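*Asks:* give me the fold of what follows.
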Amino acid sequence: MRILICEDSVLLREGLVRLLEDGGHTVVAALPDATGLPEAVDETDPELCIVDVRLPPTFTDEGIRAAVQLRSRRPELPVLVLSQYVEERYASELIASQAAPQAGASRGQGGALGYLLKDRVADVREFLDSIERIGQGATVLDPEVVAQLLTRRHEDDRMSRLTERERTVLALIAEGKSNQAIAGMLFLSEGSVEKNITAIFQKLGLEPDESGNRRVLAALAHIESSGGSPQTGTAR
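*Replies:* Just a heads-up that it's a prediction; the model follows:
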């Protein structure tokens with residue numbers, strides 16, 4: 001896979017280059033900031049972009065802004081955001097862009113995305129697996145991101161309809177787990193998992209569509225329906 005990296009830390013940036021190339025991927029560009037990111041994407045035509053949340057010069061939201069802009073310009077481009085902590089406000093904005101309508105695309109037709117904590121890079125096998133899944137079209141969210149986004153909000157009527165089992169299945173869906181993986185983790189049959197997922201879609205009012213992104217929209221439903229402003233994520 002052709003991958004572009006945008007990460008200000010020299011050590012992490014070079015480490016990612018080595019890790020990805022050892023894993024059989026091609027790093028087409030490794031940038032220290034987002035200044036020339038749009039041009040680099042146009043020139044190198046990557047199949048996946050890895051972007052740090054906080055980049056120079058202010059180290060606040062340059063990276064996430066760049067990621068959202070990339071998704072606006074090229075909705076089909078898979079993006080993986082790396083963050084030191086669970087930046088709930090930024091995670092919500094990026095994930096919401098997955099479901100937001102883009103120019104020339106219907107709702108739910110954005111490219112794959114991932115939001116992982118940098119600690120996950122240390123587990124090379126798991127990180128490379130996440131890279132592969134995002135490249136193949138999956139949405140992969142760090143379990144801690146999912147936990148905060150799905151639990152730090154006031155429940156609306158739709159979410160209150162879900163059973164405890166359905167909430168558990170929904171959280172695993174948001175982490176990018178397949179039906180088979182969910183079945184194995186919860187000691188259920190795949191048929192039971194499918195029934196839970198169908199119930200979730202029905203209770204959240206998500207109609208079938210050709211894009212197949214109801215799984216992503218289901219995970220977003222609770223976030224989008226929250227009337228409160230996002231809370232800032234805390235360090236692990």
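*Asks:* could you find the closest non-adjacent residue to Gln17?
*Replies:* Just so we're on the same page, residue 17 is Val rather than Gln. Distance criterion CB to CB, 6 or more residues apart in numbering; nearest residue to Val17, sequence neighbours excluded, is Val27 at 4.9 Å. Just so you know, the C-beta spots here come from the backbone N, C-alpha and C atoms, and that holds for glycine as well.
*Asks:* so that neighbour sits against Gly15, correct?
*Replies:* No. The pair Val27 and Gly15 does not pass the contact test of CB atoms under 8 Å, sitting 11.5 Å apart.
*Asks:* more neighbours, those two?
*Replies:* Higher neighbour count among Val27 and Gly15: Val27, with 20 against 14, using other CB atoms under 10 Å.
*Asks:* show me the beta-bridge partners of that one.
*Replies:* Assessed by DSSP bridges, Val27 has beta-bridge partners Ile3.
*Asks:* residue contacts, it?
*Replies:* Ile3, Leu4, Ile5, Leu16, Val17, Leu20, Glu21 (CB atoms under 8 Å, 6 or more residues apart in numbering).
*Asks:* helix or strand: which one has Ala219?
*Replies:* Assigned by DSSP states H and E, Ala219 belongs to helix 214-224.
*Asks:* so where's this structure shaky on pLDDT?
*Replies:* Along the chain, the parts satisfying pLDDT under 70 run over 88-90, 92-93, 96-110, 149-157, 208-213, 221-236.
*Asks:* which parts of it are helices?
*Replies:* 10-22, 37-44, 62-73, 88-99, 124-135, 143-151, 157-160, 164-174, 179-186, 190-203, 214-224 (DSSP state H).
*Asks:* reformat the ones you listed as JSON lines; add distance to Pro56.
*Replies:* Supplementary listing: those in JSON lines, determined by distance: least, CB to CB, whole Å:
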{"stretch": "helix 10-22", "distance to Pro56": "12"}
{"stretch": "helix 37-44", "distance to Pro56": "12"}
{"stretch": "helix 62-73", "distance to Pro56": "7"}
{"stretch": "helix 88-99", "distance to Pro56": "16"}
{"stretch": "helix 124-135", "distance to Pro56": "24"}
{"stretch": "helix 143-151", "distance to Pro56": "24"}
{"stretch": "helix 157-160", "distance to Pro56": "39"}
{"stretch": "helix 164-174", "distance to Pro56": "31"}
{"stretch": "helix 179-186", "distance to Pro56": "38"}
{"stretch": "helix 190-203", "distance to Pro56": "41"}
{"stretch": "helix 214-224", "distance to Pro56": "29"}
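*Asks:* closest to Lys118 out of those?
*Replies:* Minimum separation from Lys118 across the helices of the chain (CB to CB) falls at helix 10-22, 7.1 Å.
*Asks:* just the angle for the closest one relative to helix 124-135, thanks.
*Replies:* 70 degrees (axes from the mean of the first three to the mean of the last three CA atoms, to 10 degrees).
*Asks:* how about helix 10-22 as PDB, C-alpha atoms only?
*Replies:* Output of helix 10-22 as PDB, limited to C-alpha atoms (Å, rounded to 0.1, in the frame of the first residue of the first chain):
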ATOM      1  CA  VAL A  10      11.400  12.700  14.000                       C
ATOM      2  CA  LEU A  11      11.700   9.500  16.000                       C
ATOM      3  CA  LEU A  12       8.100   8.500  15.500                       C
ATOM      4  CA  ARG A  13       8.100   9.500  11.900                       C
ATOM      5  CA  GLU A  14      11.200   7.600  11.000                       C
ATOM      6  CA  GLY A  15      10.000   4.700  13.100                       C
ATOM      7  CA  LEU A  16       6.700   4.600  11.200                       C
ATOM      8  CA  VAL A  17       8.600   4.600   7.900                       C
ATOM      9  CA  ARG A  18      10.800   1.700   8.900                       C
ATOM     10  CA  LEU A  19       7.800  -0.200  10.400                       C
ATOM     11  CA  LEU A  20       5.600   0.200   7.400                       C
ATOM     12  CA  GLU A  21       8.300  -0.500   4.900                       C
ATOM     13  CA  ASP A  22       9.300  -3.700   6.800                       C
END
